[in-house]
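>>> Okay, here's the prediction I keep looking at, along with the sequence it came from:
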Amino acid sequence: MDSATSFFGIGIDLDFSSHNVQLYNGNKLKKLYKSMFKLKNIIIRVGLLALFFSSSLLAQHALVFQTDFGLEEPAVASMKGVAFSVSPELNMFDITHEIPRFNIWEAAYRLDQAASYWPKGTVFVNVVDPGVGTNRKSVVLKTKSGHFFVSPDNGSLTLVAESLGIGEVREINEKVNRLEGSLRSHTFHGRDVYAFTGARLASGIITYEQVGALLEPSVMKLNYTKPQLKNERITGYVPILDAHYGNVWTNISVDLFDQLNLSVGDEAWVKITDNGQELFKQKVKYVSSFGGVEIGAPLIYINGILNLAIGINQGDIAMQYEIKPGPDVLFEIWK
């Protein structure tokens, strides 16, 4: 009698004719089958364990850092060391560590600029904290989009709260969520509280509810000029510079800009003021990219986050006209 069977997905033909039965008597065949099935069960169990552990790793969320520490000293490395000690499997990334010192406004903008591109569940740790050690609150904002922001509540969360929506806000319970042995340290909450709590949250060691007490669903907000169209003139402000190239970015969205009905190649008046002092005023060509004007000529264009910007082809408009970002730096454009 011929028979076919399969071990671990591999088909094996066993010939049980009278000629071949002499090779294996009944007892030997039983032992062979038992050994093969035991091995198969072991492999299945190992596979299930591997699947369990890989699922656990996949359940970990990214931990993303932003600070004004720079990279000249080991402050950032200390924060990541704490996070790694909490969970070596964490995936850690950076927005930037080059926020100008104490510049809460730029911290708010950079967070908002990056956050929406990260998946739900990502935990951001923001440490631009000139009020460290004071009575300002340490919080974790959960947005309606499912992102988490571990940060001092000092205005840094202004823009992500608006763009992603406030779900809940909890104050960090430092009796539980603080690096052991750090109670005497009052100037490095980025390491002792924020990195530690962020890592515990991102790794799943704690739930969001275990962060601390639930607060009112609001965060401290910075004042700034929201873009508006009035009398065929759009007014916004300059939140940030494209610092590497010296381009000036605005908070005027492409949708609002389109209401001026400008076509590529048209010119428009642009005026930039800082606390009422005029820094720049001239007609500027609207183009799709820098090559649309001569080298050294100014241009207006739509930047990578779909907001209006102004620059100089192969030049630095911010340096040339001494333009700095901030909520008091207004940008106006009209035909």
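It's in. Numbering: from 1, shown residues only.
>>> mind listing the helices for the chain?
Under the criterion DSSP state H, the chain contains helices at 18-21, 26-59, 75-86, 104-115, 158-164, 189, 196-203, 254-257, 317-320.
>>> where among those helices is the average confidence lowest?
Among the helices of the chain, helix 18-21 carries the lowest mean pLDDT, a mean of 50.
>>> number of nearby residues for Tyr208?
Residues near Tyr208, counting by other Cβ atoms under 10 Å, number 15. Every residue, glycine included, has its C-beta placed from N, CA and C.
>>> residue contacts, Phe84?
Leu90, Met92, Ala199 (Cβ atoms under 8 Å, 6 or more residues apart in numbering).
>>> sorry, that was for Ser289
By Cβ under 8 Å, 6+ apart, the neighbours of Ser289 are Tyr301.
>>> how about a cut-off of 10 Å?
Ser289 makes contact with Val264, Leu299, Tyr301, Ile302, Asn313, according to Cβ atoms under 10 Å, 6 or more residues apart in numbering.
>>> Pick out whichever of those sits closest to Glu278.
Leu299 (19.9 Å; Cβ to Cβ).
>>> What residues are bridge-paired with that closest one?
Lys285, Gly311 (DSSP bridges).
>>> likewise Trp334?
Arg233, Trp269.
>>> how close does it get to Ile252?
Separation of Trp334 from Ile252 (Cβ to Cβ, to the nearest Å): 12 Å.
>>> Neighbour count: those two, which is higher?
Ile252 (24 against 14).
>>> so what's that one scoring on pLDDT?
With respect to pLDDT, Ile252 has a value of 97.
>>> And Ser6, by the same measure?
Reading off the model, Ser6 has pLDDT 47.
>>> again, but for the one 5 residues further on
Among the per-residue scores, Gly11 shows a pLDDT of 48.
>>> Next: Tyr224.
88.
>>> so who does the nearest residue to it once chain neighbours are set aside touch?
Nearest residue to Tyr224 in three dimensions, chain neighbours excluded: Pro327, at 3.9 Å (Cβ to Cβ, 6 or more residues apart in numbering). By Cβ under 10 Å, 6+ apart, Pro327 lies in contact with Trp105, Leu222, Asn223, Tyr224, Thr225, Tyr237, Val238, Pro239, Asn251.
>>> shouldn't the first one be in contact with Pro130?
This means Trp105. No - counting by Cβ atoms under 10 Å, Trp105 stays clear of Pro130, with 11.8 Å between them.
>>> Let me see the ranges of the strands in the stretch 101-250 of the chain.
Using DSSP state E, counting those that start in this stretch, the strands of the stretch 101-250 of the chain run over 123-127, 138-143, 148-152, 166-171, 228-230, 233-238, 240-242, 247-253.
>>> Much appreciated, bye for now.
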